[in-house]
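A.B. asks: Pasting the sequence and the predicted coordinates here, then a few questions.
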Amino acid sequence: MILETIVTSLNADGSAHIAPFGIREQEGLVLIAPFRPSTSLDNLLRAKTAVLNLTDDVRVFAGSLTGRHHWPLRKATQINGWVLQNALAHRELELEKVEEDEVRTKLWFRVVHEQNHQPFRGFNRAQAAVIELAVLVSRLHLLPAAKIDSEIQYLTIAIEKTAGEREQEAWEWLMEAVENFRAEQDGDNFA
Ligand SMILES: Cc1cc2nc3c(=O)[nH]c(=O)nc-3n(C[C@H](O)[C@H](O)[C@H](O)COP(=O)(O)O)c2cc1C
């Protein structure tokens, strides 16, 4: 099973880098597998720590893919790292094992501390739709335009029926990213 999380890693200057990652739990360890190139990968290999933030604020997923990198943070408890203030829960991780790969390095982490902050309030379909569109936006350069259009058409149903303000805002950021990507491509075609 893959769980969609926000990973905060440490930049060389001690500041936080925030990025969505789908993680797996295997034999008591957390597996994070970044494709190269990745700032998170560089940070995780250098600092050997990470924070796994579990949040239902999907603006963080959409925002970190669309240039909105500043989210309220506080210091982690047991490791040198940063926790998203609006996380429902977080886990503090230390690097245990690395499997280097030219395409997708595998990093296994041990959980050294975990904390719950807010209760889970229930599934929301618009949150799932934002996560799906965020994944598509992170792969825009790889996917055919027609596939993206048909996915957006389907996901829009959940947005229209079930979104709150946060989901609506996140959706708009991602749709803007799709439009900007297409405008750039059209520009290239006419250049
Ligand atoms: C829900 C979600 C899950 C993602 N999971 C992964 C992942 O497992 N591995 C990966 O390389 N990128 C993943 N991405 C894309 C990265 O978040 C994105 O490429 C990000 O910019 C990471 O690059 P960075 O470390 O340079 O910031 C995911 C994106 C989303 C929206």
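C.D. replies: Thanks, I have the structure now. Numbers count the residues shown, from 1 in each chain.

A.B. asks: In contact with residue 58, which residues?
C.D. replies: With contact set as Cβ atoms under 8 Å, 6 or more residues apart in numbering, residue 58 has these partners: 127, 130-131, 134, 166-167, 170. (C-beta placed from N, C-alpha, C; glycine too.)

A.B. asks: hmm, the helix or strand hosting residue 61 touching the ligand?
C.D. replies: Element membership of residue 61, judged by DSSP states H and E, is helix 59-65. Yes: part of helix 59-65 sits near the ligand under the criterion Cβ under 6 Å from any ligand atom, namely 61, 65.

A.B. asks: for that helix, packing partners?
C.D. replies: With contacts defined as 3 or more Cβ pairs under 8 Å, 6 or more residues apart in numbering; DSSP states H and E, helix 59-65 has these neighbours: strand 3-10, strand 16-26, helix 125-137, helix 165-190.

A.B. asks: Which of the residues in the shortest one are classified as buried?
C.D. replies: What that stands for is strand 3-10. Residues of strand 3-10 classed as buried: 4-10 (neighbour count, 16 or more other Cβ atoms under 10 Å).

A.B. asks: Can you lay out those as CSV showing distance to residue 69 and pLDDT?
C.D. replies: Putting the buried residues of strand 3-10 into CSV (distance: Cβ to Cβ, whole Å; pLDDT from 0 to 100) gives the following:
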residue, distance to residue 69, pLDDT
4, 18, 98
5, 17, 98
6, 12, 98
7, 13, 98
8, 11, 98
9, 12, 98
10, 14, 98
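
A.B. asks: Now render those residues as a markdown table, adding distance to residue 45.
C.D. replies: What follows is the buried residues of strand 3-10, written out as a markdown table (distance: Cβ to Cβ, whole Å):
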| residue | distance to residue 45 |
| --- | --- |
| 4 | 22 |
| 5 | 19 |
| 6 | 19 |
| 7 | 13 |
| 8 | 15 |
| 9 | 10 |
| 10 | 11 |
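
A.B. asks: and which of the residues you listed is nearest to the ligand?
C.D. replies: residue 4 (4.2 Å; Cβ to the nearest ligand atom).

A.B. asks: check contacts around the closest one.
C.D. replies: 20-22, 61, 131.

A.B. asks: How about it: which residues does it bridge to?
C.D. replies: residue 22 (DSSP bridges).

A.B. asks: For the protein, which residues are neighbours of the ligand?
C.D. replies: 4, 19-22, 33-35, 38-40, 61, 65, 131, 134-135, 138.

A.B. asks: make it 8 Å
C.D. replies: Listed as neighbours of the ligand in the chain under the rule Cβ under 8 Å from any ligand atom: 2, 4, 9, 17-23, 32-35, 37-43, 61, 64-65, 104, 131, 134-135, 137-138.
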